[in-house]
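*Asks:* turn this into a structure:
(one chain, ligands or ions: 2)
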Amino acid sequence: MNFDRTLIITGGAGFIGSHVVRLFVNKYPNYRIINLDKLTYAGNLANLKDIEDKPNYRFVRMDICDFEGVLKLMQDEHVDGIIHLAAESHVDRSIKDPFTFAQTNVMGTLSLLQAAKIAWDSFEGKRFYHISTDEVYGALEMTNPEGVEPPFTTKASSGQHHLAYGEKFFTEDLKYQPHSPYSAAKASSDHFVRAFHDTYGLPTIVTNCSNNYGPYQFPEKLIPLFINNIRHRKPLPVYGKGENVRDWLYVEDHARAIDLIFHQGKTGETYNIGGFNEWKNIDIVKVLIKTTDRLLGRKEGEDMDLITYVTDRAGHDLRYAIDSTKLQKELGWEPSLQFEEGIEKTVRWYLDNQEWLDNVTSGDYQKYYEQMYAGR
Ligand code: NAD
Ligand code: DAU
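*Replies:* Ligands and ions are numbered 1, 2, ... in the order given. Got it, this is the predicted structure:
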C-alpha cells in the first residue's frame, strides 16, 4: 500500500501518546503511523487495542536512545515526520532516580534529533515535533489565593468553575526555570531541539502543555490514582496542604492541538497549550470524591474522610497556568470540554475499566510483554 506520509510517534503506548496515535491512525488512513515505544512500566499496548490491526499502523519496540536503531528505522521506512512524546514523565520518580530522566528525556531526544538530521537529505516537507511541558517555566506566584475571574474567555472557560489564582501566566517568551529533575531534563531536551533548528536548520516545533487528564493515564498520577483509591476506600495522599494549583486539559483536546500544530504550526516556533482551567489540588480531590461516590451509587461526599495530608513533594511547584492565546489566535485552537464534563467522562472510564487498572497496578501486563518480546 502506498502512503502519502510516514510518521514515527514516540511514546505511543503511553497516556497522551496513545490518544495521539489513535487520532492519527483513524483520521489519516493515507499516513503510515509507526509507534516507537520501549514499553517501560508506563507503556501499555492495551491502550491501543482498538487500532492495532489497522493497515496503516505499525508498532516497533525500541528505545529512543538506540541511535543506530532509530536511524535505520527512519531510513528503511522513509520517515518524513516525528512526533516525539516518549519520556519519563512522573515528577516523584525523577526525585528518586534523576539519571533515568536525563538518559531518556535528554539523550533520547538528542538521539532522535541526530537520526533525523542524518536520515533527511533534504529538510523539505519534513517535521520534527517535540512535545514538552509547562513545568519548564518553573512555578508562578499565587497572588489571588481565593481565585478571581481570569483575563481569558474561551468556550471551555465560560462554564461553572474557572478561576485564576494569580496575575501572571506562562507565555512562550518566559525564561526557563525548571525545579524538578523531570522538568530540568525536559527543559534540556527543549534546548537541544531549538539548537538543532538554529544550528542545522532542522524543521522543529516545540509545544509546552499543562496537566492532562483522561483515560489510559498510569495510576501513579493524581487523578487516576485517587479515583482508584476512592473506589477501594484507600487513603488519598494529598501533598502538603493541597493548595498547589494545576491547569488541567482533557487529553483528547491536547491530541487535537498536536494534530493542528503538526500540520499548520510554523517551523521553529513554540506554542503553549493549556486548559484555561486552574484548580487547587484539594478542590479537584473533592470533585473526584463526589463524582466517584455518585457514580458508584454511594452518598455523594461520603468518602471525604479518605483525604490524608502527607509530607509535601520536595521542590513542589506552587502554581502552573498556561496562556495559550498564541495558539488560539494563530491556529484557532481552544479546549472543547468543560472540566466538569471531562471529569465525569474520566471517572466513568476508570470505573468501567477496572480490569485495565488492575492489570497496570499488578504489573501483569509487563510480564506479558516480556514473554511476547523475549529474544527479539
Ligand atoms: P507516559 O509516562 O504515560 O508515557 C511515556 C511513554 O514513553 C510510555 O509509553 C513509555 O513506554 C515510553 N518511553 C519511555 N522511555 C522510553 C524510551 N527510552 N524509548 C522509547 N519509549 C520510551 O507519559 P505521558 O504522560 O503520556 O507524557 C507524554 C509526553 O508528554 C512526555 O514527553 C511528557 O513530558 C509530555 N507531557 C505530559 C503531560 C501530562 O500531563 N501527562 C503534560 C505536558 C507534557
Ligand atoms: O504540568 C504538566 C505535567 O503534569 C507533566 O509534564 C507531567 O508529565 C505530569 O506528570 C504532570 O505533573 P504533575 O506533577 O503536576 O502531576 P501529578 O499528577 O503527579 O500531580 C498533580 C498534583 O497533585 C501535583 O501538585 C502533586 C499533587 N499530588 C500528586 C500525587 C501523585 C498529590 O497531592 N498527591 C499524589 O499522590
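*Asks:* enumerate every residue touching the residue in the chain sticking out farthest from the centre.
*Replies:* Distance from the C-alpha centroid of the chain peaks at Lys299, with 33.0 Å (C-alpha atoms, centre = their mean). Counting by C-beta atoms under 8 Å, 6 or more residues apart in numbering, Lys299 makes contact with Asp293. Using the backbone N, CA and C atoms, a C-beta is placed for each residue, glycine as well.
*Asks:* ditto for Leu163
*Replies:* Shown here is Leu163, whose contacts under the criterion C-beta under 8 Å, 6+ apart are Asn144, Gly147, Val148, Glu149, Pro150, Glu278.
*Asks:* try it again with 6 Å
*Replies:* Applying C-beta atoms under 6 Å, 6 or more residues apart in numbering to Leu163 gives the contacts Gly147.
*Asks:* quick one on the thing from earlier: how much space is there between the residue farthest from the centre of the chain and Asp293?
*Replies:* Distance, Lys299 to Asp293, using C-beta to C-beta, to the nearest Å: 6 Å.
*Asks:* all helices for the chain, in order.
*Replies:* With helices called from DSSP state H, the chain shows them at 15-27, 67-77, 91-96, 98-101, 109-119, 181-200, 222-231, 251-264, 281-295, 325-331, 339-352, 354-362, 364-372.
*Asks:* so which bits of the third one are buried?
*Replies:* Buried positions in helix 91-96, judged by neighbour count with 16 or more other C-beta atoms under 10 Å: Val91, Arg93, Ser94.
*Asks:* do that helix and ligand 1 meet at all?
*Replies:* No. Interface with ligand 1: helix 91-96 contributes nothing (C-beta under 6 Å from any ligand atom), its closest point being 9.3 Å away.
*Asks:* look at Glu88 and report its pLDDT.
*Replies:* In this model, Glu88 is scored at 98, pLDDT.
*Asks:* should've said Glu334
*Replies:* Note for Glu334: predicted pLDDT of 90.
*Asks:* from Phe169, how far off is it?
*Replies:* Using C-beta to C-beta, one obtains 15 Å as the distance from Glu334 to Phe169.
*Asks:* which of these two has more residues huddled nearby?
*Replies:* Neighbour totals were compared for Glu334 and Phe169, and Phe169 leads with 25 against 18 (other C-beta atoms under 10 Å).
*Asks:* can you give me the neighbour number for the closest residue to the more buried one other than its chain neighbours?
*Replies:* Excluding the flanking residues, the one nearest Phe169 by C-beta to C-beta, 6 or more residues apart in numbering is Asp323, at 3.7 Å. Residues near Asp323, counting by other C-beta under 10 Å, number 20.
*Asks:* from Thr171, how far out is Asp323?
*Replies:* 5 Å.
*Asks:* next: Tyr200.
*Replies:* For Tyr200, the distance to Thr171 - C-beta to C-beta - is 27 Å.
*Asks:* what does Gly147 give?
*Replies:* Gly147 sits 20 Å away from Thr171, going by C-beta to C-beta.
*Asks:* just Tyr137 next, same as before
*Replies:* Distance of Tyr137 to Thr171, given as C-beta to C-beta: 9 Å.
*Asks:* hang on, the earlier thing: compare Gly147 and Thr171 (neighbour count), which wins?
*Replies:* Counted by other C-beta under 10 Å, Gly147 and Thr171 do not tie: Gly147 has more neighbours, with 18 against 13.
*Asks:* partners of the residue lying closest to that one once chain neighbours are set aside in the sheet?
*Replies:* Excluding the flanking residues, the one nearest Gly147 by C-beta to C-beta, 6+ apart is Leu163, at 3.1 Å. Under the criterion DSSP bridges, Leu163 forms beta bridges with Glu278.
*Asks:* and Leu163, what pLDDT?
*Replies:* Predicted confidence (pLDDT) for Leu163: 86.
*Asks:* list the buried residues of stretch 236-244.
*Replies:* Applying a neighbour-count criterion of 16+ other C-beta under 10 Å, one finds Leu236, Val238, Tyr239, Gly242, Glu243, Asn244 buried in stretch 236-244.
*Asks:* show me which residues of the stretch 51-200 of the chain are close to ligand 2?
*Replies:* Residues of the stretch 51-200 of the chain lying near ligand 2 (C-beta under 6 Å from any ligand atom): Ser89, His90, Val91, Thr133, Asp134, Glu135.
*Asks:* which regions of the stretch 151-300 of the chain sit below the pLDDT cut-off?
*Replies:* Along the stretch 151-300 of the chain, the model assigns pLDDT under 70 to residues 153-161.
*Asks:* quick one: name the residues of it near ligand 1.
*Replies:* Lys186, Cys209, Asn211, Asn212, Phe218.
*Asks:* go on, the stretch 1-150 of the chain?
*Replies:* 10-11, 13-17, 37-40, 42-43, 63-65, 85-89, 104, 108, 131, 133.
*Asks:* return the subset of the residues you listed lying in strands.
*Replies:* Using DSSP state E, the members of those that fall in strands are Thr10, Asp37, Ile131, Thr133.
*Asks:* pull out the buried residues from the residues you listed.
*Replies:* Buried by 16+ other C-beta under 10 Å: Thr10, Asp37, Ile131, Thr133, out of these.
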